[in-house]
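J.: Coordinates for the following, if possible.
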Amino acid sequence: MGFAASQARYLMLTARQSDLELQGQFINQARLSLANITGALFTISANLEPESPQAVALQARIAAIQALDKALELQLRRVDTQRDAVQTEIEAVRKVIGKNIASTFKTFG
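T.: Below is the predicted model:
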């Protein structure tokens, strides 16, 4: 791979890594919002009778929110795995660029 192609690949991978990091931040923000909602629902349910219809409905909502959180956690793991793969590829491209630079200076040196 030539220097220009390596540099273009490096820039593309860096952009992809930034995109994945942003996705991870959005997922974490959504999970934090769900945690806040769940906490508020637990606070409300603490003031209700455990077997009352309102408490049962709140428990169902809490369970649904927890299921959403688990789905977001899995999505975050996928994003982290992709980010790690991109980071590994970035390191490989850096080595290729370094070798290209070294061979260029050997040619002229």
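J.: starting at the chain centroid, how far to the helix or strand hosting residue 25?
T.: Using DSSP states H and E, the element containing residue 25 is helix 3-46. Distance of helix 3-46 from its chain centroid, counting by CA atoms, centre = their mean, to the nearest Å, is 4 Å.
J.: Mind giving me the packing neighbours of that helix?
T.: helix 53-108 (3 or more CB pairs under 8 Å, 6 or more residues apart in numbering; DSSP states H and E). C-betas here are computed from N, CA, C, even on glycine.
J.: Quick one: mean pLDDT over the helix it packs on.
T.: Confidence for helix 53-108, expressed as mean pLDDT, is 93.
J.: Helix 3-46 and that one, what's the angle between them?
T.: 160 degrees (axes from the mean of the first three to the mean of the last three CA atoms, to 10 degrees).
J.: now for helix 53-108, which elements pack on it?
T.: helix 3-46.
J.: okay, the most centrally placed residue in the chain: pLDDT?
T.: In the chain, the residue lying closest to the centroid (CA atoms, centre = their mean) is residue 24, at 2.6 Å. Looking at residue 24, its pLDDT is 98.
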